[in-house]
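[1] build me a model:
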Amino acid sequence: MSRISVRGFAVASATAVTTVGAVVGVAAGGTPAADDNNFEAAAADTTLLADIPAGQQAQVQTASLTQQADAQASAADAAAKKSAEESARLQAAKDAKSKKQAAEDRIEAEREAEAKKKEESERASRSSVRDASSFSAQGSYSVAEVQAMARQMVPADQFQCFSNIVNHESTWNYRATNPSSGAYGLMQALPGHKMSSAGADWQTNPATQIKWGLSYMDGRYGSPCGAWSFWQANNWY
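    Alright, predicted model coming up:
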């Protein structure tokens, strides 16, 4: 056969079923529910499959496979796009993290370089100052001479802070004495004889007093500027 007649097969099957049902109904003493023509009409009105020419079956199958392939290709494209977007997102996050780390490393490197530069500057400043013992002893000293000695002994970046304290404590009078407390000298050391740790001539030599004052400020406040900050907040140091 060149054609597949599905409808004919359906009608024949329905007729056979109807006949068997009628026989059973008569034997049981009943009345058949419908005649053969009604079943044939019902079967004829029901579309089970379209009559498809045998030569076109391959075309239908090919079209179906093509549709399936297109659907699979579309799904694959969507999956590839989603994968590419996820990869791009992950790469962007990775790049952002790398940039942040690079920025933090650069800031840390700059901070370390600045600290090293400052330390070298302070070291150079300290190495260029004169020691108290390098000054010749005199019977007396003017304010200008005492200040000149201090400029040579105190690091340049600390001199103004040192000078501020001395101005407030003794107005650069190395023999200044507080009659009520007994504080003595440029720094108003209390008691004054504490300055003997810097030299036996602490009462008459401004250089010895400056040496002691620097040691005291560095040891207790880190620097003359640290001491000056404390003095401003408390009016003593």
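
[2] show me where the chain has its helices.
    Under the criterion DSSP state H, helices of the chain are mapped to 6-27, 36-45, 57-127, 143-153, 159-170, 206-221, 224-234.

[3] where are the low-confidence patches of this structure?
    1-55, 57, 117-128 (pLDDT under 70).

[4] center of it, which residue is that?
    Most central in the chain under CA atoms, centre = their mean is Lys100, positioned 6.5 Å from the mean C-alpha point.

[5] what about stretch 192-199, distance to the chain center?
    Remark: stretch 192-199 is offset 53 Å from the chain centroid, using CA atoms, centre = their mean, to the nearest Å.

[6] which ones are touching Gln203?
    Residues near Gln203 by CB atoms under 8 Å, 6 or more residues apart in numbering: 175, 184-185, 192. To be clear about C-beta, it is placed using only N, CA and C from the backbone, and glycine gets the same treatment.

[7] if we go to 10 Å?
    174-175, 177, 184-185, 192-193, 195-196, 209 (CB atoms under 10 Å, 6 or more residues apart in numbering).

[8] quick check: it vs Val146, distance?
    14 Å (CB to CB, to the nearest Å).

[9] now the contacts of Gln203 in CSV, with distance to Tyr237 and neighbour count?
    Listed next are the contacts of Gln203 as CSV, based on distance: CB to CB, whole Å; neighbours: other CB atoms under 10 Å:
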residue, distance to Tyr237, neighbour count
Tyr174, 18, 25
Arg175, 20, 14
Thr177, 18, 14
Tyr184, 15, 23
Gly185, 14, 28
Gly192, 16, 20
His193, 19, 12
Met195, 15, 26
Ser196, 20, 14
Gln209, 15, 30
